[in-house]
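> Give the three-dimensional model of this entry:
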Amino acid sequence: MIETFTALLFTHTLTDFAFQSDRMAHRKAKREITAFASHLAILLGLSAVALLQFSTGFLIALALVFASHLLIDFAKSFAPPTLKSFVFDQAAHLISYAFIAAWFSDLWAQALWSDHKWIPGVFALIAGSFITVRAGGFAIERLLTNSGFGQESASAPAGGELIGLLERSLIFILILANQPSAIGFLIVAKVWRFDALSK
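As a prediction, this is how the structure comes out:
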C-alpha cells in the first residue's frame, strides 16, 4: 500500500507543482474546461507511467484518480486563494490517494517497475523536494498575502523569490541529513530578513 501511495503522491506533486504553470492555475480558477483537461491529462499520463500494468484494477484506479482530482480542483475553484483553501485542497487530495492506495493495495506490486525496489524511494525523494520547495513556497505566499509582510515582500527585489527557494531547498537537505536543529538558524535569518524589509 505504501508504495502505491508514494507513486500517487509523486505523480500528484509533479502535476500540481512542476507541470502546472501560474497561467494554468488562473485558468482553472476561472473554471476553463481546457485548463482542467490539460491538467488532468498530465496527471493521468504520469500516473499511468508510474503504475503501468495490464489489469482492470489499474484502469479503475486511474478513473478514481481522475474523478477525485477533478472534483477536488473544481470545488477549490469556488474558494478564495487563501492558505486555508490551499491546505484543505492538498489534504483532500492526500486523503483520496490514501483511500485509492488502501483499496488497491497491491497496485504497485503488479506494476511493470515493481522489481526495481529503489523506485519508490526515488518517488518519495522527488515528492518531498517539491512539497518542501514549491508547495512550501505557495503556502508561505498565501500566509503573507493579507499581512504587512506580504505587502512589503511583494515590492521587494525579485531575488527574494530565489532566496526563498534556496532556503526551502536547504531545509529539505537538512531534513535528509538528520540535522533539524540547523533549521532554526534559517528561521532566525528569515525573520531578520522580513524585519529588514518592513523598515
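> The helix or strand of the chain with the lowest mean pLDDT: what's the following helix or strand?
For the chain, using mean pLDDT, DSSP states H and E, the weakest element among its helices and strands is helix 148-154, scoring a mean of 50. Of the helices and strands lying after helix 148-154 in sequence (DSSP states H and E), the nearest is helix 159-176.
> buried sites along that following helix?
By 16 or more other CB atoms under 10 Å, the buried positions in helix 159-176 come out as 164, 167-168, 171-172, 174. For glycine as for every other residue, the C-beta is placed from the backbone atoms N, C-alpha and C.
> cool, and stretch 103-122?
Burial within stretch 103-122, assessed by neighbour count using 16+ other CB under 10 Å, is assigned to 104, 107-108, 110-111, 114, 119-120.
> And the residues you listed, which two are furthest apart?
The largest distance within these, taken as CB to CB, falls between Phe104 and Ile119 and amounts to 17.4 Å.
> Dump the buried residues of stretch 103-122 into CSV; add pLDDT, secondary structure and distance to Phe74 as well.
Supplementary listing: the buried residues of stretch 103-122 in CSV, determined by pLDDT from 0 to 100; DSSP: H, G, I helix; E, B strand; the rest coil; distance: CB to CB, whole Å:
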residue, pLDDT, secondary structure, distance to Phe74
Phe104, 95, coil, 24
Leu107, 94, coil, 25
Trp108, 95, coil, 28
Gln110, 94, coil, 31
Ala111, 94, coil, 29
Ser114, 93, coil, 33
Ile119, 95, helix, 32
Pro120, 94, helix, 30
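> wait, which of those is closest to Ala7?
Minimum separation from Ala7 among the buried residues of stretch 103-122 (CB to CB) is found for Trp108, which lies at 5.9 Å.
> what's near enough to touch that closest one?
The contact partners of Trp108, by CB atoms under 8 Å, 6 or more residues apart in numbering, come to 3-4, 6-7, 51, 114, 120.
> I'd like to know how far it sits from Ala61.
The spacing between Trp108 and Ala61, counted by CB to CB, to the nearest Å, is 11 Å.
> between those two, what contacts are shared?
Going by CB under 8 Å, 6+ apart, residues that sit against Trp108 and also against Ala61 are Leu51.
> Work out the gap between the helix or strand harbouring Ile42 and the centre of the chain.
Using DSSP H and E, Ile42 falls within helix 33-50. What separates the centre of helix 33-50 from the centre of its chain is 15 Å, taken as CA atoms, centre = their mean, to the nearest Å.
> What residues of the helix or strand following that helix count as buried?
Taking DSSP H and E as the definition, the helix or strand that follows helix 33-50 towards the C-terminus is helix 56-76. Judged by neighbour count (16+ other CB under 10 Å), helix 56-76 contains these buried residues: 58, 61-62, 64-65, 68-69, 72-73, 76.
> circling back to that earlier point, closest to Leu83 out of the buried residues of stretch 103-122?
Using CB to CB, the buried residues of stretch 103-122 come closest to Leu83 at Pro120, 30.2 Å.
> need the contact list for the closest one.
When the contact criterion is CB under 8 Å, 6+ apart, the partners of Pro120 are 2-3, 6-7, 108.
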